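*Asks:* model this:
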Amino acid sequence: MKDITITRQVFALDELDPAARCVAIEKLRTENYENIPSDMISEGLNGELVNLLTGEWVGDTTDKELKRLSGLTLEWRLGYCQGDGVAIYGEIYNDYATQLTWGNAVYAKLTRNSHGHHYAHPNCFTVELFDGDSDIIKDDDAIADELRDICTKLERYGYAEIEHYTSEPYVIELLNDNDTPRIFNADGTLAPSQFWAADTVKCVVCLTDIQVSGDDGHICSHCEYNL
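*Replies:* Predicted coordinates:
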């Protein structure tokens, strides 16, 4: 058996020609979309739900904390498909959700309907209102409409977050924060990870860090060793 050393040119984003740069950006955006942590979206949506119900911004909120604060659970599907959106379920009280129009109601039950077994959107739950004696109150659907409107706002919020995490400025920021930004082939596709490289290499003779580019051949500026 004989060991073989393979060398390969890899490029940073700003070293690519315009066409290759577009390919690289689109690849990074796709990778980001496929790898957005679901917890990150969930916690952002939960926090925004608390804000819409109470008028107070509490920031990202876990599912457990949302349930403790409001009595609600939130479900979402945001894949740009029909039936995708946000739905909420549980019991919520008037002393917590101060931004809703309660009238004589004390609390509301949001119950999953037949749509909620297959989808997640504002029409996936039914709303029942109760007074302090737990008797059902008939109303003009004002709170139900407000809750569905909240779900629509949450859907927009969720898609805006996804678009942010897959935007060109964001993926470039991530790339610039990477210790090995030189990851592309000349055509903008991703090179195999074993060929990824940093913007500097260490000279084996004098141990000076040398700035490199995608071109072949580098000379150490300190000892003139041919890297």
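*Asks:* from here on, contacts and neighbour counts on C-alpha atoms
*Replies:* Will do.
*Asks:* what is the least confident helix or strand in the chain?
*Replies:* With mean pLDDT, DSSP states H and E as the measure, the helix or strand of the chain carrying the lowest mean pLDDT is strand 200-202 (a mean of 51).
*Asks:* contact partners for residue 98?
*Replies:* 53, 54, 55 (CA atoms under 8 Å, 6 or more residues apart in numbering).
*Asks:* can you check the pLDDT for the last one?
*Replies:* Translated: residue 55. Residue 55 is assigned a pLDDT of 97 by the prediction.
*Asks:* any idea how far the closest residue to it other than its chain neighbours lies from residue 76?
*Replies:* The spatial neighbour of residue 55 that comes closest, neighbours along the chain excluded (CA to CA, 6 or more residues apart in numbering), is residue 99 at 6.6 Å. According to CA to CA, to the nearest Å, residue 99 stands 22 Å off from residue 76.
*Asks:* quick check: end-to-end length of stretch 97-112?
*Replies:* Between the opening and closing residues of stretch 97-112 lies a distance of 20 Å (CA to CA).
*Asks:* next one: phi and psi at residue 122?
*Replies:* phi -60, psi -20 (degrees, to the nearest 10).
*Asks:* who are the contact partners of it?
*Replies:* For residue 122, the contacting residues are 85, 86, 87, 88, 147, 148, 149, 151, 152, taking CA under 8 Å, 6+ apart as the criterion.
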